[in-house]
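Enquirer: could you look at this predicted model? Sequence included:
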Amino acid sequence: MFCNSCGAPNPDTASFCNRCGKPVIRPQTDTSVQEHAAPSAAPQSSIPQEVAAPQIATVGVSSEKERTLSGHTLPIYSLAFSPDGRWLASGSLDRTAKLWDLPSGREVRTFNSDLQFTCVAFSPDGRRLALGATNGLPLAEAKSITSALMLWDSAAPNEMRSLVGHEGQLFFLTFSPDGSLIASTDGAKTIQLWDATSGQIVKQFRHNWVLAKLLGGSAGSSLAFTPDGRFLASRSWPATLWDIAGGNEADSFGPEYKTLTVAMFLGFTSDGRFLVVAKGSGKISLWDVASGKEVRCLIDPPKRSGVSSGLRCAALNRDGSLLAVSTYSSDQEPRENIFLWDMARGRTAGTLACHDPCYAMAFSPDGQWLAVGDMQYGGGAATGKIRLSPTTDIR
């Protein structure tokens, strides 16, 4: 087998080239992913008022019943649907990322690495898949930092590009709305903006060192572009809004001095008017982007002696009408729950049973399905399975 980048010979089992160190992707016998049509325009949101239901059709999951996708041997830390809803990508601590064909439920491609996959994201046209991997657990700081950012194109399925130059552990990445940029972050100090065509870093944003180091961390890192692509929100204390063109900090949302916790999740409504901020403390709030002020607090759990509670991860559907959150509580009986929030009405819309921790979720483009990465314990070890649940069953 020869390296796709430098052409050097490598063993058939190699994950990285012996000469250049870049990832080596072995040809697969399964059917390759075809090019996807560009997604339809997202419906406009009017949160915090009533929100219209999404109108985008999903061609992927046809069954109305919950389904399970098995294949990962360690917990899953990232999930992403393709824009047309046919494919699901998953990244796991088992050092593999997988591509699933949802109509059949088949695993059609596996990406291997010497690092643990912590983030996956599709481009807006569905042709490309960005994958991020790093060493060490996402809940701890690695002593010797190694990261890899890779770009896979369905038009050349047996090739893999490496984007070199990331600082710190890589824990979150996302495409800009037009697909021209990739933003990635280690969850604390540095945010990199990459040109998706050339693979070069075109801009860097840096948080205040003290706030980033003390309050940034790595677990639950999040980035979100505004729908027009002009601004990028990043987690810190407080959440920060960056001007893409100017390369400077445009605004911040807070700080809220009563809770020194950072945003575990950030997401914009489809009209760009509001930013949803979900914090590790379990607080969920809605911020007006124009004024930088909090306009609604959905929940702010009280802190009680002897009780540890908070939020593990969250996902927002395409039009911003539904928010799924994975929470935990260690009262007398430890509990794991997934709640669905109706953002327009500011109340829960349902609960999904969750017996073990969940660190990754994603809505299908039409909002009718929620993919959940379940960490399942058995035999003294944790494995990762993906549940596909109809959102109508959660309500």
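Expert: Sure, I can see it. Numbering: from 1, shown residues only.

Enquirer: quick one: low-confidence parts of the stretch 151-300 of the chain?
Expert: Per-residue confidence for the stretch 151-300 of the chain (pLDDT under 70) gives these ranges: 187-189, 208-221, 236-237, 255-263.

Enquirer: which secondary structure state does the residue nearest to the spatial centre of the chain sit in?
Expert: Closest to where the C-alpha atoms of the chain average out (Cα atoms, centre = their mean) is S78, at 5.4 Å. Three states are possible here, and by DSSP: H, G, I helix; E, B strand; the rest coil the one that applies to S78 is strand.

Enquirer: tell me the bridge partners for it.
Expert: S78 forms beta bridges with G91, as assigned by DSSP bridges.

Enquirer: that one touches T96, doesn't it?
Expert: No. The pair S78 / T96 is not scored as a contact, 12.0 Å apart, by Cβ atoms under 8 Å. C-beta coordinates here come from the backbone N, C-alpha and C atoms, glycine included.

Enquirer: shared neighbours of these two, anything?
Expert: Here S78 and T96 have F117 as joint contacts, going by Cβ atoms under 8 Å, 6 or more residues apart in numbering.

Enquirer: ok, back up a step: gap between the residue nearest to the centre of the chain and A89?
Expert: In this view, S78 and A89 are 8 Å apart by Cβ to Cβ, to the nearest Å.

Enquirer: what do those two both touch?
Expert: By the contact definition Cβ under 8 Å, 6+ apart, S78 and A89 are jointly contacted by V120.

Enquirer: A strand includes L99, no?
Expert: Yes. Per three-state DSSP, L99 lies within a strand segment.

Enquirer: tally of neighbours for it?
Expert: Neighbour count for L99, taken as other Cβ atoms under 10 Å: 24.

Enquirer: so how far is K98 from the nearest residue to it once chain neighbours are set aside?
Expert: Taking Cβ to Cβ, 6 or more residues apart in numbering, and ignoring the residues beside it in sequence, L99 has R109 as its nearest neighbour in space, at 4.2 Å. Going from R109 to K98 by Cβ to Cβ gives 7 Å.

Enquirer: isn't A344 right up against G320?
Expert: No. The criterion here is Cβ under 8 Å, and A344 misses it with G320 at 9.1 Å.

Enquirer: more crowded one of the two?
Expert: Applying other Cβ under 10 Å to A344 and G320 shows that G320 carries more neighbours, namely 30 against 17.

Enquirer: can you tell me how far the more buried one is from D288?
Expert: Distance of G320 to D288, computed by Cβ to Cβ: 13 Å.

Enquirer: quickly list what's touching both of the two.
Expert: F274.

Enquirer: my guess is L69 contacts L388. True?
Expert: Yes. Using Cβ under 8 Å, L69 is in contact with L388, at 7.1 Å.

Enquirer: shared neighbours of the two, which are they?
Expert: When contacts are counted by Cβ under 8 Å, 6+ apart, the set common to L69 and L388 consists of L88.

Enquirer: E66 contacts T391, doesn't it?
Expert: No. Counting by Cβ under 8 Å, E66 sits too far from T391 to count as a contact (11.1 Å).

Enquirer: those two - which one has more neighbours?
Expert: A direct count of neighbours by other Cβ under 10 Å for E66 and T391 places T391 higher, at 20 against 14.

Enquirer: tell me who's in contact with the residue lying closest to V276 once chain neighbours are set aside.
Expert: In space, not counting the residues next to it along the chain, V276 is nearest to G267; the distance is 4.7 Å by Cβ to Cβ, 6+ apart. By Cβ under 8 Å, 6+ apart, the residues touching G267 are A224, L275, V276, A314, L316, G320, L323.

Enquirer: direction included, what does the one helix or strand the first one maps to pair up with?
Expert: Assigned by DSSP states H and E, A224 belongs to strand 223-225. Looking at strand 223-225 with DSSP bridges, its partner strands are strand 231-234 (antiparallel).

Enquirer: show residues contacting the partner strand.
Expert: Applying Cβ under 8 Å, 6+ apart, the set of residues contacting strand 231-234 from outside is 183, 185, 191, 193, 205, 207, 222-226, 239-244, 250, 266, 268, 275, 289.

Enquirer: give me the buried subset of the residues you listed.
Expert: In those, burial by neighbour count holds for 183, 185, 191, 193, 205, 207, 222-226, 239-242, 244, 250, 266, 268, 275, 289, counting by 16 or more other Cβ atoms under 10 Å.
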